[in-house]
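K.L.:
Okay, predicted coordinates and the sequence, questions at the end:
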Amino acid sequence: MTLFSGLSAFSITPTDAAGHVDTATLGRLLDRIARAGADSIGLLGSTGGYAFLSRDERRRAVDAAMESVGGRIPVIVGVGALRTDEAEALARDAKAAGADGLLLAPMSYTPLTEEEVFQHMASVAAAGDLPLCIYNNPGTTRFVFSDDLIARLAAFPGIDAIKMPLPADGDFSGELARLRALTPEGFSIGYSGDWGAGQSLLSGGDAWYSVVGGLLPAEALAFTRAAMAGDRAEAERIDARFEPLWTLFRQFGSFRLMYAIADLLDLCRVLPPRPVLPLGAADRLWVKAALESLR
């Protein structure tokens with residue numbers, strides 16, 4: 001297994017209303033992922049609310065993560081920021097804390113050109129001096145990586161992987177074949193979008209960057225192992241048990257849902273950062289029913 005392969009479980013980052021990280025609770029959540037046997041932890045990704053946190057709080061989160069699970073499981077840290085110099089500083093912070101890899105999305109307010117994204121990614125990769133995964137997340141960033149840009153970035157030293165959204169046409173095999181023809185051998189191609197995880201792995205994807213794995217790591221790991229072993233029957237059986245949850249992910253967005261799940265599983269009781277609002281009581285009943293389907 002390489003750094004960017006298998007199940008990468010993405011945790012929420014519990015904070016108070018002022019955006020201060022609850023490091024003790026974060027440590028417990030990450031320890032739970034490590035004990036379940038996930039292949040890596042995704043810290044400060046979209047699920048981890050990185051865009052809502054200051055540099056100091058993000059640094060505190062990384063320090064807490066490394067104190068809790070460093071050396072037991074690889075930790076991949078999101079270092080996205082609006083400014084290149086800020087993202088470079090975050091990458092250096094992550095390396096200094098002992099992180100194993102970086103995840104970078106091209107955050108922006110002004111729409112970015114391909115050249116601007118290339119230079120941003122290359123600069124942060126060089127500054128962080130850790131293996132970096134491109135975060136292709138057009139649903140949030142509104143930037144779509146072209147095949148040509150992916151190929152160009154994959155040739156840059158230290159950029160070793162890409163986290164892809166689910167293909168619009170559902171053709172994982174075709175997309176994987178196309179991208180592997182353009183990228184160096186060993187370049188990892190994985191997917192987010194939990195409801196497409198099974199098909200992405202059965203089609204030969206290298207990694208599942210999993211939202212649900214942050215709070216249900218054992219269940220997500222069983223799903224990952226079955227799909228990566230090519231056991232379609234078992235993977236589809238587990239996928240069917242997850243389907244009520246996938247329906248809610250598509251309806252409410254995974255970020256809101258994770259806070260409700262954390263509460264219902266009695267893992268922690270924290271609210272999402274404003275302006276994001278927690279799910280109401282009626283919607284939480286649907287989440288509770290979906291969790292019960294997994295048991």
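P.N.:
Looks like it came in fine.
K.L.:
ok now do Leu202, which residues does it touch?
P.N.:
Residues counted as contacts of Leu202 (CB atoms under 8 Å, 6 or more residues apart in numbering) are Ala227, Gly230, Arg232, Ala235. In this view, the C-beta of every residue, glycine as well, is placed from N, C-alpha and C.
K.L.:
again, only using 6 Å
P.N.:
Taking CB atoms under 6 Å, 6 or more residues apart in numbering, we find Leu202 in contact with Ala227, Arg232.
K.L.:
Check what pLDDT it gets.
P.N.:
Note on Leu202: pLDDT of 98.
K.L.:
just the one 10 residues further on next, same as before
P.N.:
Looking at Val212, its pLDDT is 98.
K.L.:
What of Ala240?
P.N.:
On pLDDT, Ala240 comes in at 97.
K.L.:
So which bits of the helix or strand containing it are buried?
P.N.:
Using DSSP states H and E, Ala240 sits in helix 232-252. For helix 232-252, the neighbour count (16 or more other CB atoms under 10 Å) marks Ala235, Ile238, Asp239, Phe242, Pro244, Leu245, Trp246, Leu248, Phe249 as buried.
K.L.:
Tell me the buried residues in the helix or strand of the chain with the lowest mean pLDDT?
P.N.:
Least confident element among the helices and strands of the chain, by mean pLDDT, DSSP states H and E: helix 138-141 (a mean of 93). Neighbour counts using 16+ other CB under 10 Å place Thr141 of helix 138-141 among the buried residues.
K.L.:
Then stretch 64-77?
P.N.:
For stretch 64-77, a neighbour-count test (16+ other CB under 10 Å) marks Ala64, Ala65, Met66, Ser68, Val69, Gly70, Ile73, Pro74, Val75, Ile76, Val77 as buried.
K.L.:
just stretch 84-98 next, same as before
P.N.:
Buried positions in stretch 84-98, judged by neighbour count with 16+ other CB under 10 Å: Thr84, Ala87, Glu88, Ala89, Leu90, Ala91, Arg92, Asp93, Ala94, Lys95, Ala97.
K.L.:
Tell me the spacing between the fourth one and Asp160.
P.N.:
Meaning Ala89. 21 Å (CB to CB, to the nearest Å).
K.L.:
Which of the buried residues of stretch 84-98 sits closest to Pro273?
P.N.:
Comparing those against Pro273 with CB to CB places Leu90 closest, at 17.9 Å.
K.L.:
Low-confidence regions, this structure specifically.
P.N.:
Across the chain, the ranges flagged by pLDDT under 70 are 1.
K.L.:
for the stretch 151-295 of the chain, what spans make up the helices?
P.N.:
Ranges of helices in the stretch 151-295 of the chain, per DSSP state H, counting those that start in this stretch, are 172-182, 197-202, 217-228, 232-252, 254-264, 281-293.
K.L.:
Dump those to CSV, plus distance to Asp39.
P.N.:
Compiled in CSV, these are given as follows (distance: least, CB to CB, whole Å):
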stretch, distance to Asp39
helix 172-182, 19
helix 197-202, 12
helix 217-228, 8
helix 232-252, 17
helix 254-264, 20
helix 281-293, 24
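K.L.:
Go through those helices and pick out the most buried.
P.N.:
Highest mean neighbour count among the helices of the stretch 151-295 of the chain (mean count of other CB atoms under 10 Å): helix 197-202, with a mean of 24.
K.L.:
what distance separates that helix from the centre of its chain?
P.N.:
Distance of helix 197-202 from the chain centroid (CA atoms, centre = their mean, to the nearest Å) equals 16 Å.
K.L.:
pull the CA atoms of that helix into CSV?
P.N.:
Extracted C-alpha coordinates of helix 197-202, given in CSV (Å, rounded to 0.1, in the frame of the first residue of the first chain):
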residue,chain,number,x,y,z
ALA,A,197,-17.0,4.4,-3.7
GLY,A,198,-17.8,0.8,-4.5
GLN,A,199,-17.9,1.3,-8.3
SER,A,200,-14.7,3.4,-8.2
LEU,A,201,-12.8,0.7,-6.3
LEU,A,202,-14.2,-2.2,-8.3
